[in-house]
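S.K.: Fold the following.
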Amino acid sequence: MPPAHSGLQKEVLALYRRALRMTRAKPPVAQVKFSLFVRYTFKTQSAAISSRDVSAIEHLLRKGKRQVEMYEDPNVKDCWVSQDMHNWEVSNRERRLPLPPREAGRVSL
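M.R.: Got it, this is the predicted structure:
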């Protein structure tokens, strides 16, 4: 059984889930952009700081909550996605592609 998450980890995961749920409330055309924005932001921010830097994590949580509240507004219909975000998505998509199935009857050594 995996170890339980700390309170801070639970807060980060709750914010991530809230942000992803927010994307589903947006117009279908913009949902992809909002989803990419959320995934990219969380991934790059988490890579930029140490998991032991509690004050930085708390700061990013406060900043993220304000940002999600702003994007949850029904008047916000679209968001801007940079070329870096598109490139990040393409590189991650290539890493996640499933391996092709093996040919039937082929023996691997």
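S.K.: give me every residue that touches residue 81.
M.R.: 33, 36, 37 (CB atoms under 8 Å, 6 or more residues apart in numbering). Bear in mind the C-beta positions are built from the backbone N, C-alpha and C, glycine included.
S.K.: which one of the residues you listed is nearest residue 12?
M.R.: residue 37 (16.9 Å; CB to CB).
S.K.: still on that earlier bit, out of the contacts of residue 81, who's nearest residue 8?
M.R.: Among the contacts of residue 81, and counting by CB to CB, the member closest to residue 8 is residue 37, at 22.9 Å.
S.K.: Tell me how many other residues crowd that closest one.
M.R.: By other CB atoms under 10 Å, the residues close to residue 37 number 20.
S.K.: again, but for the one 4 residues further on
M.R.: Neighbours of residue 41 under the rule other CB under 10 Å: 16.
S.K.: Which of the contacts of residue 81 sits closest to residue 85?
M.R.: residue 36 (5.6 Å).
S.K.: quick one, phi psi at that closest one?
M.R.: phi -60, psi -40 (degrees, to the nearest 10).
S.K.: I'd assumed residue 83 was in contact with it.
M.R.: No. Residue 36 is not in contact with residue 83 according to CB atoms under 8 Å; the separation is 11.9 Å.
S.K.: Between those two, which has more neighbouring residues?
M.R.: Counted by other CB under 10 Å, residue 36 and residue 83 do not tie: residue 36 has more neighbours, with 18 against 7.
S.K.: I appreciate the help and will end here.
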